[in-house]
Structure formats: structure tokens, C-alpha cells
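Peer 1: Below are the sequence and a predicted model; questions follow.
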Amino acid sequence: MKPLKQEAIDEARESFQYFDRDNSGEIDVNEFEKLLRVLSPGATREQAEEGFRYIDDNEDGKIDFEEFLGWWQTCWWEF
């Protein structure tokens, strides 16, 4: 996989920060559900929870920017 250009990283960071509504530096499952419903309006809570678990590599119950960026790079174009 090719490394992302800085412009793409900046775009991902902007999206991450937008959905990190509490400015914690991490996206929780509720914030991720809102993000998923923007990308796929018919998404269910169950789909959001499943997607969240997929992205949360270290299984700490939060998505940090590095986890988000990995997903952004490989998966978000599918929506």
C-alpha cells in the first residue's frame, strides 16, 4: 500500500477531529456511529459497533488517530 500524501493525512485528521465531538483525541463508539451514518445513512447501531471493533486495533474501547488513519487509508473508500 502506498503511503498517504500529506494532503490526505490532513484531510483524515480534519474528519477525525470533526467526529471527535468531545475533543478527547479519540473517537468513542457513539461518535463512530455518527461518522458511519454520514458515510452510510442506513447503517445500524450493530454495524457501527462491529466497524468500531474492527478499527480499534488495541481493543481499548477508543479509536485514536493512528487507528483511524489506517482505516481511512484502506477502507473508507468502500462507502
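Peer 2: Received, thanks.

Peer 1: What distance do you get for residue 13 to residue 73?
Peer 2: 13 Å (C-beta to C-beta, to the nearest Å). Bear in mind the C-beta positions are built from the backbone N, C-alpha and C, glycine included.

Peer 1: same check, this time on residue 12
Peer 2: On the measure of C-beta to C-beta, residue 12 and residue 73 end up 8 Å apart.

Peer 1: shared neighbours of those two, anything?
Peer 2: Counting by C-beta atoms under 8 Å, 6 or more residues apart in numbering, the common neighbours of residue 12 and residue 73 are residue 4.

Peer 1: These two - which one has more neighbours?
Peer 2: residue 12 (19 against 16; other C-beta atoms under 10 Å).

Peer 1: which ones are touching that one?
Peer 2: 4, 65, 68-69, 72-73.

Peer 1: Kindly recompute the last result at 6 Å.
Peer 2: 69, 72 (C-beta atoms under 6 Å, 6 or more residues apart in numbering).
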